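A.B. asks: Fold the following.
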Amino acid sequence: MSQPRSTYLDAAGFEMHVTEWGDRGNPALVMWHGLARTGRDFDEAAAALSDRYFILCPDTLGRGLSAWAPRGAADYTFATYGDMATAMLDHYGIGRCGWIGTSMGGLLGITLAAGSLRDSISHLIINDVGPDIPADSARRIADYVGSPPVFDTVSEYEAWLRRTYAPFGTNSDRFWRRMTDTSVRRTGSGRLTVHYDPAIVSQMGENKADLDVWTAYDAVSAKTLLIRGEHSDVLPPTIASAMRMRGPCPPLVTVPDCGHAPTLADEWQIGLLRDFLAD
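C.D. replies: Below you'll find the model as predicted:
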């Protein structure tokens with residue numbers, strides 16, 4: 001089991017932070033996080049799978065240690081993220097890879113697997129998201145992403161994080177502490193808040209067309225797996241069922257006792273990823 005390596009690269013004109021895992025000589029695997037999260041969310045899965053894969057866990061533009069977009073909503077789009085993903089693969093000389101995408105990362109994976117990276121993405125794992133997101137769920141996400149709170153202590157921030165992401169299901173104290181450490185930042189006044197640019201919420205408003213990807217989904221030819229949280233409001237059973245009958249017609253696995261989104265952090269979920277990628 002390898003240790004994470006932090007690197008920075010120029011991706012489509014922006015500085016991009018990537019957490020690397022495993023030997024560069026191994027098959028490549030990209031793990032792309034959700035809307036307001038970071039690449040460090042995948043630590044457990046990346047550490048476990050690094051015995052067989054060279055894993056890249058980028059921070060999307062405007063999140064974590066990657067640059068923020070000076071033009072805001074104009075660059076917080078799948079077009080920009082796709083250009084950055086392509087630049088990242090070019091940087092490492094990767095011509096073929098698997099892709100695991102949670103929520104926004106899953107929609108980006110669909111878009112790329114049907115478009116510019118169609119010949120590059122061999123396996124696509126879509127974690128708890130569908131080609132369109134119910135309006136109530138989109139509003140719920142926009143409400144907390146667009147108006148991030150400010151805290152006096154890291155402990156207060158961690159408590160908020162646990163409440164806000166309770167749908168992630170049962171996870172260890174170590175998981176929550178890691179999430180806290182890798183997604184908190186200080187403001188100019190020295191208080192604490194989330195480690196992302198609040199302008200990323202534009203993807204739920206001005207750029208919400210990015211979230212309707214049925215046309216792209218129907219064009220995906222990569223071997224695909226769909227994962228859904230049992231109580232997810234982002235991927236309702238009706239949309240999951242439709243996905244099984246369209247496009248890549250993926251098998252559906254439901255993760256019990258969680259909502260949006262499964263963390264892919266426990267042994268059973270990691271085993272699910274390993275088995276699918278090995279096929």
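A.B. asks: Could you tell me how many residues sit around Arg52?
C.D. replies: A count of nearby residues for Arg52, using other CB atoms under 10 Å, gives 15. Any C-beta I mention is one placed from the backbone N, CA and C, and that applies to glycine too.
A.B. asks: Same question for it, what's its three-state structure.
C.D. replies: coil (DSSP: H, G, I helix; E, B strand; the rest coil).
A.B. asks: tell me the centre residue of the protein?
C.D. replies: Geometric centre of the chain, nearest residue: His33, 1.6 Å, by CA atoms, centre = their mean.
A.B. asks: so where do the strands sit in this structure?
C.D. replies: Assigned by DSSP state E, the chain shows strands spanning 5-11, 14-21, 28-32, 54-58, 97-102, 121-127, 184-186, 192-194, 223-229, 252-255.
A.B. asks: got CSV for those, with mean pLDDT and distance to Thr77 too?
C.D. replies: Below are the strands of the chain laid out as CSV (pLDDT from 0 to 100; distance: least, CB to CB, whole Å):
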stretch, mean pLDDT, distance to Thr77
strand 5-11, 97, 14
strand 14-21, 98, 13
strand 28-32, 98, 15
strand 54-58, 98, 16
strand 97-102, 98, 16
strand 121-127, 98, 19
strand 184-186, 96, 23
strand 192-194, 97, 20
strand 223-229, 98, 23
strand 252-255, 98, 29
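A.B. asks: In TSV, list these along with distance to Arg244 and mean neighbour count.
C.D. replies: Shown next, in TSV, are the strands of the chain (distance: least, CB to CB, whole Å; neighbours: other CB atoms under 10 Å):
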stretch	distance to Arg244	mean neighbour count
strand 5-11	34	15
strand 14-21	31	21
strand 28-32	22	26
strand 54-58	28	26
strand 97-102	18	25
strand 121-127	11	25
strand 184-186	38	13
strand 192-194	35	20
strand 223-229	7	23
strand 252-255	6	18
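A.B. asks: Any chance of those strands in CSV with distance to Ala45 as columns?
C.D. replies: Formatted as CSV, the strands of the chain follow (distance: least, CB to CB, whole Å):
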stretch, distance to Ala45
strand 5-11, 16
strand 14-21, 9
strand 28-32, 7
strand 54-58, 9
strand 97-102, 8
strand 121-127, 10
strand 184-186, 22
strand 192-194, 22
strand 223-229, 12
strand 252-255, 13
